[in-house]
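Participant: Would you be able to build a 3D model of this:
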Amino acid sequence: MANRVKIISKETIRPSSPAEQHIRKFSFLDQLAVPNYIPLTFFYTADRSCQFSPADIILRLKKSLPDALTMFYPIAGRIRKGNRFIDCNDNGAEFIEARVHRQLRDVIENPDADELKEYLPVQPEDHHQQVDGALLLVQANLFDCGGIAMAVCLSHKVADGTSLSKFVQAWAAISRGEAAGVVAPNFHILAEQFPPIDLPEPHPSPSNVISGEKIVTRRFIYNEQKLASLKAEIATAEGSTVKNPSRVEAISASIWRHFIERHRRHGCTKVAAVHSVNLRARMADSPLQAFGNCYVLTPAYVTDGEHELHRLAELLRNAFKKIDGEYVGEIQRSGGGEYLTLRQRIVIMKKEGAAMCNFSSWCGFPVYEVDYGWGKPAWVCTTLLPFKNIVILMSRPEGRGIEAWVNMVEDDDGGDLKTLQA
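Facilitator: Numbers count the residues shown, from 1 in each chain. Next up is the predicted model:
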């Protein structure tokens, strides 16, 4: 695969206008974020882009990115030592142009996790953000057939998946000449509502610790029929209190059950599911345009012998319900203490031998609406980092199904996990 992707050029793209402010403070949620890049790759087939030459495509992207960086000016800055702020110095983003000697349809129809990494501007094993490094890296991969794979990697210290989605949508709108309809995000409200705090360095993290074990990535597809079957199993089970499970609840419970069964055969009786929960809709002021990290990790625990699907769905729902406006207010009133206590509890469980299955749902991100001027993507995917027991849930192109991207230790590849596609 290395010979199929040829780097044509690398360039630093800077904002078209100077930054509005020179400092963007971190919230304590930004401070706690792991310094890796969030990767998203958008695949556009030749029938969507054939009216443009490769030169036209690159020119359009390069001309629109400076205006996008002006609107999202912290992205063009650099993180400074101290883990408290971004220096909005207009140093810019890294833009890479590449040619791929491959048919894009083959990639979409038979995706390979290792091959997908080749389209990224930074490799997963090098994904930790460096001080003074670019916060945004883009690689435009132009295929011989005329297809395009747009890979975007944004530092997690700056933003969560919701914010990355907003940036890509805005850049695409500017590219297709619809900048007037773009709403600028609020870069400061999160630091105002969750002010930075003094943290021990390095501070303990409940998940996203790079594993020294061999990690493999698998994609499991849940079509509409499979989802309906899972939901029915949960809703009709004797004693079930979850009569209307969501897609995320049903799939998370199913994957969690398989992890429980696998770990128990290896002697581990404590397996927790830890979900990332977006706080934007749960905050009193509803800062839906807030840009940055705005999520918490909420754990659900099982006791020995408990792994019925409906019971796991109930535990997940109860964990989600706890993250309400009152809980967010308690985090704010405690100066972050409540959230740190919860994180520490998860860390202690790991130290005591508990296994963690970490979930993040990106199903609500409108990634299939990202049109740079040559149509909407045929497929959008992520490429997981070398962390174990991580699950990312993403929407399918048709909008009804879900793809689960699962990272696991190589020895765990197989057995029950393979039945997720059955």
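
Participant: show me where pLDDT drops low in the stretch 1-150 of the chain?
Facilitator: For the stretch 1-150 of the chain, the stretches with pLDDT under 70 are 1-3, 48-50, 124-132.

Participant: those strands in it, which residues are they?
Facilitator: For the stretch 1-150 of the chain, the strands defined by DSSP state E, counting those that start in this stretch cover 5-13, 23-25, 37-44, 78-79, 85-87, 93-100, 136-143, 148-155.

Participant: Which strands or helices does the third one pack on?
Facilitator: With contacts defined as 3 or more C-beta pairs under 8 Å, 6 or more residues apart in numbering; DSSP states H and E, strand 37-44 has these neighbours: helix 104-109, strand 148-155, helix 161-175, strand 379-381. For glycine as for every other residue, the C-beta is placed from the backbone atoms N, C-alpha and C.

Participant: One more: the last one?
Facilitator: In terms of contacts (3+ C-beta pairs under 8 Å, 6+ apart), strand 148-155 is packed against strand 37-44, helix 104-109, strand 136-143, helix 161-175.

Participant: Restricting to C-alpha, output it in CSV.
Facilitator: C-alpha atoms of strand 148-155 as CSV (Å, rounded to 0.1, in the frame of the first residue of the first chain):
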residue,chain,number,x,y,z
ILE,A,148,-11.2,11.8,-3.5
ALA,A,149,-10.5,10.8,0.1
MET,A,150,-10.4,13.9,2.3
ALA,A,151,-8.7,13.0,5.6
VAL,A,152,-9.0,15.6,8.4
CYS,A,153,-7.2,15.3,11.7
LEU,A,154,-7.9,17.8,14.5
SER,A,155,-6.2,17.9,17.9
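
Participant: Could you give me the buried positions within it?
Facilitator: Neighbour counts over strand 148-155 (16 or more other C-beta atoms under 10 Å) mark Ile148, Ala149, Met150, Ala151, Val152, Cys153, Leu154, Ser155 as buried.

Participant: can you map out the helices along the protein?
Facilitator: Secondary structure of the chain by DSSP state H: the helices cover 28-32, 46-49, 54-71, 104-109, 113-117, 161-175, 189-193, 224-236, 247-265, 309-322, 325-333, 337-351.

Participant: about what we covered before: using a markdown table, lay out the helices and strands packed on strand 148-155 together with distance to Ala378.
Facilitator: Output for the helices and strands packed on strand 148-155, formatted as a markdown table (distance: least, C-beta to C-beta, whole Å):
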| stretch | distance to Ala378 |
| --- | --- |
| strand 37-44 | 5 |
| helix 104-109 | 6 |
| strand 136-143 | 12 |
| helix 161-175 | 15 |
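
Participant: Any chance of JSON lines for these, columns distance to Glu330 and mean neighbour count?
Facilitator: Below are these laid out as JSON lines (distance: least, C-beta to C-beta, whole Å; neighbours: other C-beta atoms under 10 Å):
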{"stretch": "strand 37-44", "distance to Glu330": "28", "mean neighbour count": "24"}
{"stretch": "helix 104-109", "distance to Glu330": "45", "mean neighbour count": "17"}
{"stretch": "strand 136-143", "distance to Glu330": "34", "mean neighbour count": "24"}
{"stretch": "helix 161-175", "distance to Glu330": "22", "mean neighbour count": "23"}
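
Participant: which one of these lies closest to Ile255?
Facilitator: Proximity of the helices and strands packed on strand 148-155 to Ile255 was assessed by C-beta to C-beta; the nearest stretch is helix 161-175, lying at 18.5 Å.

Participant: what packs against the closest one?
Facilitator: Using 3+ C-beta pairs under 8 Å, 6+ apart, helix 161-175 sits against strand 37-44, helix 54-71, strand 148-155.

Participant: what angle separates it from helix 54-71?
Facilitator: Per axes from the mean of the first three to the mean of the last three C-alpha atoms, to 10 degrees, the angle that helix 161-175 makes with helix 54-71 is 120 degrees.

Participant: Measure how helix 161-175 sits relative to strand 37-44, angle-wise.
Facilitator: Counting by the same axes, to 10 degrees, helix 161-175 lies at 40 degrees to strand 37-44.

Participant: Report the rounded mean pLDDT for helix 161-175.
Facilitator: For helix 161-175, mean pLDDT is 96.

Participant: Equivalent analysis for stretch 374-385, please.
Facilitator: 91.

Participant: Endpoint to endpoint, it covers what distance?
Facilitator: Terminal residues of stretch 374-385 are spaced 30 Å apart (C-alpha to C-alpha, to the nearest Å).

Participant: hey, what's Asp87 bridged with?
Facilitator: Ile23, Arg78 (DSSP bridges).

Participant: ok, it to Ala19 distance?
Facilitator: Distance, Asp87 to Ala19, using C-beta to C-beta, to the nearest Å: 9 Å.

Participant: Would you mind telling me which of these two has more residues around it?
Facilitator: Neighbour count, other C-beta atoms under 10 Å: between Asp87 and Ala19, Ala19 has more, with 19 against 16.

Participant: just checking, that one touches Cys88?
Facilitator: Yes: Ala19 lies in contact with Cys88 (C-beta atoms under 8 Å); the separation is 3.9 Å.

Participant: how close does the closest residue to Pro54 other than its chain neighbours get to Met283?
Facilitator: The shortest distance from Pro54 to any non-neighbouring residue, by C-beta to C-beta, 6 or more residues apart in numbering, is to Leu142 (4.8 Å). Computed with C-beta to C-beta, the distance linking Leu142 and Met283 is 42 Å.
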